[in-house]
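Asker: Starting from these lines, generate the structure:
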Amino acid sequence: MNAPLKVSEFRAGQWVRQTGFRSFIPEKVDRQWIINSPETETLIAEAHRKLGELNAFSQLIPDIDFFIYMHKAKEATTSSRIEGTQTRIEEAFLRIEEVSPEQRDDWQEVQNYIEAMNYAIAELENLPLSNRLIRHTHQLLMQGVRGRHKQPGEFRLSQNWIGGATLRDAVFIPPPHQEVPALMGDLEQFLHNEDIHVPELVRIAIAHYQFETIHPFLDGNGRIGRLLITLYLMGKKLLVRPSLYLSAFFEKNRSLYYDNLTRTREQHTLDHWLKFFMAGVIETSESSIQTFRNILILKERIEAQLFTLGKKQGNARQLLQFLFSKPVVNAKDVADAIHGSAPTANSLLADFVRLQILEETTGYQRNRIFHFKPYLDLF
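Answerer: Model (predicted):
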C-alpha cells in the first residue's frame with residue numbers, strides 16, 4: 001500500500017505521449033488519505049449526517065419498496081438522459097408496443113439500466129462490490145442497444161476518448177487499455193481495504209472520480225460510474241434501500257460536474273472535487289427525504305378520497321398500492337392488480353379519473369393509458 005497522502009498534496013497522474021495524441025494515466029488511489037481542510041471535513045461530516053437521516057427515514061416508511069420502483073425509474077431516465085437519451089420518466093413504465101418506434105432505442109436503454117441496477121443490488125446480498133460485478137452489470141446495461149458491439153461486460157482492449165470526433169481533437173483521453181486491469185484492480189482494492197481509515201463518502205467520491213478517469217469500458221462508463229455510488233453505499237450498509245442517486249444533481253450541475261473532474265486531473269484539485277461531491281450528497285439526501293414526505297402526504301390525501309367510493313374501497317386501495325410501483329397503467333393492468341373483471345377495472349378507472357388521481361393521456365376510446373400524475377409530479 002502507498003504511503004498516507006494529504007488531499008492537498010495529491011497529484012492526479014501523468015500525461016503520456018502516444019502516436020499523435022497524449023493519454024492520461026491516473027495515480028493509483030489505494031492508500032490512506034488525510035483530509036487537511038477544516039471546510040472539507042465539515043462538509044464530509046454533514047454529508048454523512050444527511051445520508052444517515054435519509055437511511056433512517058426510508059426504514060420508517062411502510063411499503064417503501066413500492067416507492068423505490070419510482071426512484072429507480074427516475075435514476076434510469078436521468079442517468080441515461082445525461083448520455084443523450086430522451087425517454088421521460090412516465091415512458092419508462094410503458095410496454096414496448098406502447099412506445100413510438102423512433103423512441104424504442106432510448107426506451108430500451110432505460111429498461112436495461114433498470115434491469116442492470118436490479119441485478120447489481122440483488123447480487124450485493126451475496127457478493128461484495130467487485131470488478132466482476134461491475135462487468136456483469138455493464139453487460140446487462142449494453143445488451144441489445146447501441147453499444148452492444150462495444151465489448152459489453154469486458155474492460156476495453158483499445159483506446160477510447162471523451163469529446164471530439166477523433167483522438168486528435170478529443171477533450172480527454174483516458175489511459176491506454178493496457179493500464180486498465182491494474183488501475184481497476186487498484187480501485188477494487190481501495191473500495192474494500194480495511195487497513196486504511198477513510199470516511200466512506202470520501203472513499204466513493206475518490207472512486208467515482210477514478211472510475212470516470214480510467215473509463216474502463218468502450219461505452220456506458222458514465223451510467224456505470226454513477227450507479228457505482230449507490231451500489232457502494234448499499235454494500236457498506238450506509239443505505240438499506242437504494243434511495244440515493246446523484247445523477248439528478250450531476251445533471252442539474254452538468255458543467256460543474258465535468259469541470260470538477262477535469263480540474264482534478266489537470267490542476268490536482270481533489271479537495272475541490274470532494275466538496276462538490278459532498279454538496280451533492282447533502283442536497284440529494286434532503287431532496288429524497290422531502291420526496292418521501294410528499295409521497296406520504298399524497299398517500300394520506302388519496303386514501304381519504306377513497307372513502308367516498310363505498311363498497312369499491314377494497315379494490316380502490318389495492319389499485320392505489322399498485323400505482324405507487326407502476327404509475328402508468330391500462331385497463332388490463334388494473335384488472336390484473338385487483339384480480340377483477342374488465343368492467344370492474346373500467347369502472348374503477350372512471351372513479352380515479354373523476355377524483356383526479358389518474359389522468360387519461362391518449363384521448364382514445366380503446367387502448368387508453370392512464371397516468372398517476374400527482375405521484376409522477378413529485379419526481
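Asker: Please identify the buried residues of stretch 317-325?
Answerer: By 16 or more other CB atoms under 10 Å, the buried positions in stretch 317-325 come out as Gln318, Leu319, Leu320, Phe322, Leu323, Phe324, Ser325. (Each C-beta comes from the backbone N, C-alpha and C, glycine too.)
Asker: could I get those as a markdown table with pLDDT and secondary structure?
Answerer: Shown next, in a markdown table, are the buried residues of stretch 317-325 (pLDDT from 0 to 100; DSSP: H, G, I helix; E, B strand; the rest coil):
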| residue | pLDDT | secondary structure |
| --- | --- | --- |
| Gln318 | 94 | helix |
| Leu319 | 95 | helix |
| Leu320 | 94 | helix |
| Phe322 | 93 | helix |
| Leu323 | 93 | helix |
| Phe324 | 90 | coil |
| Ser325 | 87 | coil |
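Asker: and which of those is nearest Ile25?
Answerer: The closest of the buried residues of stretch 317-325 to Ile25 turns out to be Ser325 (CB to CB; 45.3 Å).
Asker: count of residues packed around Gln103?
Answerer: 15 (other CB atoms under 10 Å).
Asker: Next: Leu355.
Answerer: Applying other CB under 10 Å, we find 14 other residues in the vicinity of Leu355.
Asker: Low-confidence ranges, the chain, go.
Answerer: Across the chain, the ranges flagged by pLDDT under 70 are 1, 147.
Asker: would you list every one of the helices in it?
Answerer: For the chain, the helices defined by DSSP state H cover 38-60, 64-82, 104-123, 131-142, 180-192, 200-214, 221-235, 247-252, 254-267, 270-306, 313-323, 331-338, 342-354, 373-376.
Asker: Serialize the ones you listed to TSV and add fields for distance to Thr361.
Answerer: Listed next are the helices of the chain as TSV, based on distance: least, CB to CB, whole Å:
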stretch	distance to Thr361
helix 38-60	30
helix 64-82	17
helix 104-123	16
helix 131-142	29
helix 180-192	43
helix 200-214	37
helix 221-235	28
helix 247-252	24
helix 254-267	29
helix 270-306	19
helix 313-323	14
helix 331-338	14
helix 342-354	11
helix 373-376	9
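Asker: any idea how far the residue nearest to Phe93 when sequence neighbours are not counted lies from Leu358?
Answerer: Excluding its sequence neighbours, the residue lying closest to Phe93 (CB to CB, 6 or more residues apart in numbering) is Val328, at 3.8 Å. Val328 sits 10 Å away from Leu358, going by CB to CB, to the nearest Å.
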